[in-house]
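Novice: starting from these lines, generate the structure:
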Amino acid sequence: MVEVPGWVVLNFFTSFLLILLLIFQNKTSRLQSGRKYSAILVCTLILLFSESIGRVGEVHPNECLFLAKIGYYGIFLLDPVDILFAVSYIDCWMANKNSRPRDYFKAAFLAFALINGVMVTISTIFNLRWFYYFENQTYYRGSMFMARAILVMVFIVLLLIYVVVFRNDFMSEYKNMILFLPIFALIGAIMQVFVSSIDTTYAGISLGCLILFFFFQSNDVNMDYLTGVLNRRGLDIKMEEKIKNSQTTGRNFAAIMMDIDNFKTINDTFGHEEGDKAIKAVADIIVLTFDDALAIGRFGGDEFCVITDNVSRIELELKIEHVRERLAKVKQKNGWDDHVDVSCGYEIYNYTQNMSMQEFNEHIDSLMYSQKQEHHMIQSEE
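Specialist: Residues are numbered from 1 along each chain as shown. Just a heads-up that it's a prediction; the model follows:
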C-alpha cells in the first residue's frame, strides 16, 4: 500500500478549496472587495503551487532540484504579498474615517513586501544563503530564516491589531467575522515555523477565506444578486460616505448615472431571461471600463451608477464612450435592436454647494433623463 505524504494531502485539499472559492466568488460578486478577495485566493494558490513543486524537487533532487529552487524562491518572494492583499481586502470594508492612520499601517505592509522581495532576490542571485540554500542537493534554512519568519508573524499580528484597532470603521455588520482571516493565518504561520514537514500557513489562510466567503462575499446585503455589483442600499451608503468625506476634506468626486435605452425591446423580442443577460452584460462592461471606480452599482431596473474620484470631464467622457463601444459589440453579437444604447448623466460633486445625497442623485438622474430624451428624439426622426 502506497503511503501518501501528509503535505500532498493537505496541499491537494487546500488547493481544491481555493479553486472552489474562486469559482463561486467570480459568480457572485463583481465589487471591488470581490476582486481583492480573489487576489488573496490566487496568490495563495500560487504559493501552494510553489510549495508543492519545491517539495517535489526536494524528494527527487537528482532530477528535479531546479523545481525546489524555483518553488522556494516563489514562496519567500510572495508570502508577504499575500498579507498585503489581505490588508487591501480588509480595507474595502472600512469607511474613510481614520484613513490617515490606516494609511501608515498599509505603507508599513507595502514596505515590508518590497524590501523582502529585493532581499530574497539578491540572496538567490548571489547565493548569499540568507533565507534558504541548497547544499549537496539538500534544502537548508538560511541564517536569516528565523528572523524573517518571526517578522512575517509580527506583520500577521499587526494585521490582527489593525482589524481590532479600526473595527469601529467597518461598515458591515459582520465586523467580528473579519478577525478570522488574520487569526487563522497567524495560527498557520506559527505551526509552520515549528512543524516544517507540513505547510499549515496557506491552509490557515484558506480557512479564513472560507469563513469570509460565507459571511461576506456570498451574504453581502449591499450586493445586487443578479449582477454582482452594489445594490441601491450599497450605493446610498457609498454616496453618503463620499459626500460627507468631500465636505470634510474638500475633495470632490464624480458620479455617473447610466440607463439602458430601449431595454424593453430585448424583453419583448427575446424574453425576460435575455433581458437579465443584457443587464448582467452591461454591468460587466461598466466594471471593465471603470475598473478604478470607488463604487459601481445597480440603481434599479436597468439603471446603473458609478462613483469615482476621477474628476476629469474629458476622461469621464472617454470612459462613457468606451461603454457605448463595448455595448455596441455585445448588441451586434446578440442581435438586439439597433437602438439599444446607454443614456448617461454625470456631474462632479462640488463640496462648496453643500448638496445632500438626495439632491445630488436627483441632479445626475435628471441629466441622464435629458440625454435619454435626446436619444428618443433622434430615433423618432430616423
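Novice: got the domain boundaries for this protein?
Specialist: 6-217, 232-381 (automatic domain parsing).
Novice: switch these over to a markdown table; also include mean pLDDT and distance to residue 224.
Specialist: Glycine gets a C-beta too; all of them are placed from N, C-alpha and C. Output for these, formatted as a markdown table (pLDDT from 0 to 100; distance: least, C-beta to C-beta, whole Å):
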| stretch | mean pLDDT | distance to residue 224 |
| --- | --- | --- |
| domain 6-217 | 83 | 9 |
| domain 232-381 | 90 | 4 |
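Novice: ok, which stretches of the stretch 101-250 of the chain are helices?
Specialist: 145-165, 180-194, 201-212, 232-249 (DSSP state H, counting those that start in this stretch).
Novice: residue 337 sits in which helix or strand?
Specialist: Under the criterion DSSP states H and E, no helix or strand holds residue 337.
Novice: not counting its neighbours along the chain, what's nearest residue 297?
Specialist: Nearest-residue entry for residue 297: residue 230, 3.1 Å, with adjacent residues in sequence omitted and distances by C-beta to C-beta, 6 or more residues apart in numbering.
Novice: quick one: that neighbour and residue 295 touch, right?
Specialist: Yes: assessed by C-beta atoms under 8 Å, residue 230 is found in contact with residue 295 at 5.8 Å.
Novice: and those two? Which one has more around it.
Specialist: residue 230 (27 against 22; other C-beta atoms under 10 Å).
Novice: tell me the contacts of that one?
Specialist: By C-beta atoms under 8 Å, 6 or more residues apart in numbering, the contact list for residue 230 reads 31, 222-224, 238, 295-298.
Novice: same question, residue 351
Specialist: 246-247, 250-252.
Novice: would you turn these into JSON lines with distance to residue 90 and neighbour count?
Specialist: JSON lines is the format used below for those (distance: C-beta to C-beta, whole Å; neighbours: other C-beta atoms under 10 Å):
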{"residue": "246", "distance to residue 90": "24", "neighbour count": "19"}
{"residue": "247", "distance to residue 90": "26", "neighbour count": "15"}
{"residue": "250", "distance to residue 90": "27", "neighbour count": "9"}
{"residue": "251", "distance to residue 90": "23", "neighbour count": "13"}
{"residue": "252", "distance to residue 90": "27", "neighbour count": "14"}
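Novice: now flag whichever of those is closest to residue 316.
Specialist: residue 252 (12.5 Å; C-beta to C-beta).
Novice: surely the closest one meets residue 350?
Specialist: Yes: counting by C-beta under 8 Å, residue 252 does reach residue 350; the two are 6.1 Å apart.
Novice: on that earlier part again, which residues are in contact with both of residue 230 and residue 295?
Specialist: residue 238.
Novice: make TSV out of the helices of the stretch 101-250 of the chain and add distance to residue 367.
Specialist: Shown next, in TSV, are these (distance: least, C-beta to C-beta, whole Å):
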stretch	distance to residue 367
helix 145-165	40
helix 180-194	41
helix 201-212	38
helix 232-249	16
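Novice: so which of those helices is nearest residue 272?
Specialist: Of these, nearest to residue 272 by C-beta to C-beta is helix 232-249, at 20.3 Å.
Novice: in terms of secondary structure, what does the closest one contact?
Specialist: strand 253-261, strand 295-300, strand 303-308, strand 341-349, helix 357-381 (3 or more C-beta pairs under 8 Å, 6 or more residues apart in numbering; DSSP states H and E).
Novice: residue 45 contacts residue 11, correct?
Specialist: No: counting by C-beta under 8 Å, residue 45 stays clear of residue 11, with 10.4 Å between them.
Novice: next SSE downstream of the helix or strand where residue 35 lies?
Specialist: Here residue 35 is covered by helix 32-59, with elements defined by DSSP H and E. Proceeding N to C from helix 32-59, the next assigned helix or strand is helix 61-91, under DSSP H and E.
Novice: for that next one, packing partners?
Specialist: helix 32-59, helix 99-125, strand 132-135, strand 138-141, helix 145-165, helix 180-194, helix 201-212.
Novice: buried set for the first one?
Specialist: Counting neighbours by 16 or more other C-beta atoms under 10 Å, one finds that the buried residues in helix 32-59 are 32-41, 43-45, 47-48, 50-58.
Novice: same thing with the second one?
Specialist: Of the residues in helix 99-125, those buried by neighbour count under the rule 16+ other C-beta under 10 Å are 102, 105-106, 109, 112-113, 116, 119-120, 123-124.
Novice: and the residues you listed, which is closest to residue 210?
Specialist: Using C-beta to C-beta, the buried residues of helix 99-125 come closest to residue 210 at residue 109, 22.9 Å.
Novice: do I have it right that the closest one meets residue 87?
Specialist: Yes: Residue 109 is within contact range of residue 87, at 5.0 Å (criterion: C-beta under 8 Å).
Novice: what sits in contact with each of the two?
Specialist: Taking C-beta under 8 Å, 6+ apart as the contact criterion, the common neighbours of residue 109 and residue 87 are residue 159.
Novice: and the closest residue to residue 262 other than its chain neighbours, how many neighbours?
Specialist: Take residue 262 and drop its neighbours on the chain: the residue closest to it by C-beta to C-beta, 6+ apart is residue 339, 4.6 Å away. Residue 339: 14 surrounding residues under other C-beta under 10 Å.
Novice: again with residue 292
Specialist: Neighbours of residue 292 (other C-beta under 10 Å): 10.
Novice: same question for the one 10 residues further on.
Specialist: For residue 302, the tally of surrounding residues (other C-beta under 10 Å) stands at 20.
Novice: got phi/psi on it?
Specialist: Per-residue torsions, residue 302: phi -110, psi 30 (degrees, to the nearest 10).
Novice: can you add distance to residue 306 and give the helices and strands packed on helix 61-91 back as JSON lines?
Specialist: Below are those laid out as JSON lines (distance: least, C-beta to C-beta, whole Å):
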{"stretch": "helix 32-59", "distance to residue 306": "12"}
{"stretch": "helix 99-125", "distance to residue 306": "21"}
{"stretch": "strand 132-135", "distance to residue 306": "46"}
{"stretch": "strand 138-141", "distance to residue 306": "50"}
{"stretch": "helix 145-165", "distance to residue 306": "29"}
{"stretch": "helix 180-194", "distance to residue 306": "29"}
{"stretch": "helix 201-212", "distance to residue 306": "26"}
